[in-house]
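> Prediction below, plus the sequence it came from.
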Amino acid sequence: MPMSEWNRVSQVKKGDILFLLNYQNNRLHGVFEATTDGTLNIEAYAFDGRFSAQVRVRRKMRCLPLDEAALLPLINRGWIRVSRRGVLLFPDRLGPKFIDELWRMFLEVPPVPRAKTDLVGYKAKDGHITKSYGERYLDDWLHEHLSYKHEYNYPVKRAKREVLCDWYIPKIDLHIEFWEKKARGDPRAIEIKQKFYEDHSLRAIDIYENDLCLADRIIPQRIRQVAPECKFRKILEESEKAVN
């Protein structure tokens with residue numbers, strides 16, 4: 001860190017558990033252990049000398065970083081705040097419970113796949129293997145709050161065309177699409193799928209990654225707009241109180 005943050009770095013002691021937050025993409029990297037106390041200029045010319053307050057570390061566990069969706073449980077508890085610019089804000093020093101929770105989250109991260117191996121995913125509570133933290137979060141939300149079975153990656157065929165729906169709920173004939181900030185595949189996918197559902201008069205809603213922070217409020221609203229008969233578990237009474 002720069003010299004202006006030396007007071008924080010000087011508090012790091014050998015053996016401390018550390019995590020690295022990339023402020024540009026809100027990804028938390030870990031898990032690291034300090035192998036020195038916080039000091040100055042271990043590598044004097046690193047980053048052109050702009051960050052002279054340093055600590056040497058070793059990696060205790062190698063895994064993929066945690067993104068904002070993965071950290072939502074801690075954001076919802078108030079352990080992590082979000083700035084007006086959308087940057088994650090952690091306490092200057094993490095307590096034992098906070099560190100234990102982050103350890104648990106990193107342990108749930110699938111290992112980095114080796115070349116030519118099967119793709120790994122993120123296992124939801126109902127057994128679905130989703131493609132991202134955000135999808136797992138939404139799948140768990142549907143499992144916990146909807147009174148009906150939901151199908152994941154469900155093929156929808158109409159007029160010799162087929163799309164792969166993120167979630168389909170047969171009981172109420174509802175299609176749910178989830179859109180992340182960094183979309184995979186064709187950038188026109190949103191427009192293509194929306195037109196497909198519209199052309200065939202199918203019930204469909206869109207959920208965006210930014211909606212997950214307010215999932216208990218936004219998802220029921222979106223579903224009720226197209227499927228007012230839908231019944232929820234746990235969330236119905238709370239949502240109605242919030243509206244009143």
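Good, I have the coordinates.

> Not counting its own residues, what contacts the host helix or strand of Phe106?
For Phe106, the host element (DSSP states H and E) is helix 96-108. Helix 96-108 has contacts (CB atoms under 8 Å, 6 or more residues apart in numbering) with 17, 19, 28, 30-31, 61, 63, 66, 70-71, 74, 79, 91, 94. For the C-beta atoms, the positions are set from N, CA and C on the backbone; glycine is no exception.

> Please spell out the ChimeraX selection for the buried subset of these.
Buried members of those, defined by 16 or more other CB atoms under 10 Å, are picked up in ChimeraX with:
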select :17,19,28,30,31,63,66,70,71,74,79,94
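
> Mind checking which of the contacts of helix 96-108 are in helices?
Leu74 (DSSP state H).

> Would you mind measuring from the residue nearest the centre of the chain to Glu229?
Residue closest to the average C-alpha location in the chain (CA atoms, centre = their mean): Ala69, at 1.4 Å. Distance of Ala69 to Glu229, given as CB to CB, to the nearest Å: 30 Å.

> Number of residues surrounding the closest residue to Pro65 other than its chain neighbours?
Computed as CB to CB, 6 or more residues apart in numbering, the closest residue to Pro65 that is not its neighbour in sequence is Arg27, at 4.1 Å. Neighbourhood size, Arg27 [other CB atoms under 10 Å]: 17.

> Bridged to Val82, which residues?
Applying DSSP bridges to Val82 gives these bridge partners: Leu88.

> nearest residue to Thr39 other than its sequence neighbours?
For Thr39, the closest residue by CB to CB, 6+ apart turns out to be Gln54, at 6.4 Å.

> Would you mind measuring from Ile172 to Ala215?
18 Å.

> which one is His200 nearest to, not counting chain neighbours?
His200 sits nearest to Arg158 (CB to CB, 6+ apart), 4.5 Å away.

> Okay, and the beta partners of that neighbour?
With DSSP bridges as the rule, Arg158 is bridged to Arg161.

> ok, it to Tyr152 distance?
Distance from Arg158 to Tyr152, by CB to CB: 20 Å.

> So which of these two has more stuff around it?
Legend: neighbour count by other CB under 10 Å for Arg158 and Tyr152, higher for Tyr152 (21 against 13).

> Low-confidence stretches in this protein?
For the chain, the stretches with pLDDT under 70 are 110-120, 182-187, 235-244.

> returning to that earlier point: which residue of Ile172 and Ala215 possesses the greater neighbour count?
Ala215 (19 against 16).
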